[in-house]
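In: need coordinates for the following:
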Amino acid sequence: MSRLEGDVAIVTGAARGIGAAYAKALAAEGATVVVADVLDTAASVDAVKEMGGTAIGISCNVTDNDAVEGMVADTISEFGKIDALVNNAALFANISHKKFEEIPDDEWMSVMQVNIAGVWRVSKAVVPHMRERQYGKIVNVASTTALKGTRLFKGRSIGHDQGDGARSRRG
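Out: Residues are numbered from 1 along each chain as shown. The predicted model follows:
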């Protein structure tokens, strides 16, 4: 028996990239996986099924309370429970990379709505079910990019060498 046999896990942002990898890894350990994303989930669901796992795809925008509540309700209706949530949905790859001070307010707010408020919103929706069952695990995926910087983000990380010899006044 696999470690997660019988468990049901939701993975947000699982249509591609690391989210799809999480979905496949959970399925490899025996979990039933809910692939949740605003993008088409079919390829990720198919990948899980091809390896012998069980998965469904649910279209879910983590910035929309109704969509999140619907995803949770659909998961419970289909599988009877939620054992785990992997909060992986994030905006980064699809945003324009520019100097920090050139980021438009609406783009910044979109990132905050998905990357920060989305984690809270989905967790808030699953916690009552987990409390009722007295069981559940939540994993929040984050990145250290803000701490170390990236060449794609053309700003300067204060006090850090950017590889081109540039340093802040404190550096």
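
In: please count neighbours and contacts with C-alpha atoms only from this point.
Out: Noted.

In: show me where this structure dips below the pLDDT cut-off.
Out: Within the chain, the ranges that satisfy pLDDT under 70 run 1, 93-94, 144-171.

In: can you pull out the strands in it?
Out: With strands called from DSSP state E, the chain shows them at 8-12, 32-37, 55-59, 84-87, 137-140.

In: and Cys60, what is it in contact with?
Out: Contact analysis of Cys60 by Cα atoms under 8 Å, 6 or more residues apart in numbering lists 36-38, 67-68, 71.

In: the protein: helices as residue ranges?
Out: For the chain, helices defined by DSSP state H occupy the ranges 17-28, 42-50, 65-79, 105-112, 118-133, 145-148.

In: for these, which one sits closest to Phe92?
Out: For Phe92, the closest of those is helix 105-112, at 7.6 Å, according to Cα to Cα.

In: for the closest one, the distance to its chain's centre please.
Out: Distance, stretch centre to chain centre, for helix 105-112: 17 Å (Cα atoms, centre = their mean, to the nearest Å).

In: likewise stretch 15-32?
Out: The answer for stretch 15-32 is 12 Å, by Cα atoms, centre = their mean.

In: now that stretch: buried residues?
Out: Applying a neighbour-count criterion of 16 or more other Cα atoms under 10 Å, one finds 15-16, 19-24, 26-32 buried in stretch 15-32.

In: contacts for it next, please.
Out: Taking Cα under 8 Å, 6+ apart as the rule, stretch 15-32 contacts 1-9, 11-14, 33-37, 39-44, 47-48, 51, 53-55, 88-89.

In: just the buried ones from these?
Out: 4, 7-9, 11-14, 33-37, 40-41, 44, 47-48, 53-55, 88-89.

In: so who does the residue nearest to Val127 when sequence neighbours are not counted touch?
Out: Spatial nearest neighbour of Val127, chain neighbours left out: Gly136 (7.9 Å); criterion: Cα to Cα, 6 or more residues apart in numbering. Shown in contact with Gly136 (Cα under 8 Å, 6+ apart): 82-84, 127, 130.

In: state the distance from Asp83 to Ser59.
Out: 20 Å (Cα to Cα, to the nearest Å).

In: distance of Val38 from Glu78?
Out: 20 Å.

In: who's more crowded, those two?
Out: Val38 (15 against 10; other Cα atoms under 10 Å).

In: residues contacting that one?
Out: 13, 59-61.

In: cool, and Leu39?
Out: Here Leu39 is in contact with 15, 59 (Cα under 8 Å, 6+ apart).

In: phi and psi next, for it.
Out: Dihedral pair for Leu39: phi -90, psi 170, per degrees, to the nearest 10.
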